[in-house]
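Peer 1: Show me how the following folds:
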Amino acid sequence: MERQFERGQISPLFYWDKLIMIDKDKLAETINAYFINSDKFLVDLKVSTRNKVSVFIDGDQGVAISDCAALSRHIEASLDRDKEDFELEVSSVGLGSPLVLNRQYRNNIGRLIAVIFDDDTKIRGKLVEVQGEGIRIEKEIIRKGKKKKNPDTDKDDVMLIPFSTIKEAKIMPAY
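Peer 2: Below is the predicted model of the structure:
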């Protein structure tokens, strides 16, 4: 069934032409201001051309569902739906998500980490230190023929990895 439009009415097909884009920088400022004096922090913010907003947060003590819900309500209150139609998703970064911020590396000292370098080589080891320009890990050495719950590591095999060489780093689940 075709819908008849009166003169001056906007067809739904042209609705997106009238869409006001959400200012990503302004939204990031709003989120960061919300987290002042909190252990929570913004990790990533994405705003699509259709105003689909994806917010990823983390915290020094973790993130609860209630933290995501509270931030979502705060963002909703800061935007005007009459001017900016949007879809909003607020979530915590997951275990499989890459580490992005220095603060995330510091929060995971002592855990097993997998690092992929710019040349696509990979290494795993225990994250032991975070410095200004990089991280130190105890490289994981798996001895053939031995199946142990925890990997054998050689304490003398500590490697400094500059952030500039890291393509991606993820925390590995405990096994």
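
Peer 1: Now do the helices in the chain.
Peer 2: Remark: helices assigned in the chain by DSSP state H are 24-34, 65-78, 102-107.

Peer 1: Buried residues of the first one, list them for me.
Peer 2: Along helix 24-34, the positions that meet the burial threshold by neighbour count (16 or more other CB atoms under 10 Å) are L27, T30, I31, Y34. Every C-beta, even on glycine, is put in place using the N, C-alpha and C of the backbone.

Peer 1: least trustworthy helix or strand in this structure by mean pLDDT?
Peer 2: strand 152-162 (a mean of 73; mean pLDDT, DSSP states H and E).

Peer 1: Run through the bridge partners of V47.
Peer 2: Note on V47: beta-bridge partners by DSSP bridges are V53.

Peer 1: Touching, it and I20? I think so.
Peer 2: No - the pair V47 and I20 does not pass the contact test of CB atoms under 8 Å, sitting 11.9 Å apart.

Peer 1: List the contacts of D67.
Peer 2: K40, I57, G59, S92 (CB atoms under 8 Å, 6 or more residues apart in numbering).

Peer 1: now these in CSV, with pLDDT, distance to I137 and neighbour count?
Peer 2: Formatted as CSV, these follow (pLDDT from 0 to 100; distance: CB to CB, whole Å; neighbours: other CB atoms under 10 Å):
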residue, pLDDT, distance to I137, neighbour count
K40, 97, 26, 21
I57, 97, 26, 21
G59, 95, 23, 18
S92, 95, 24, 18
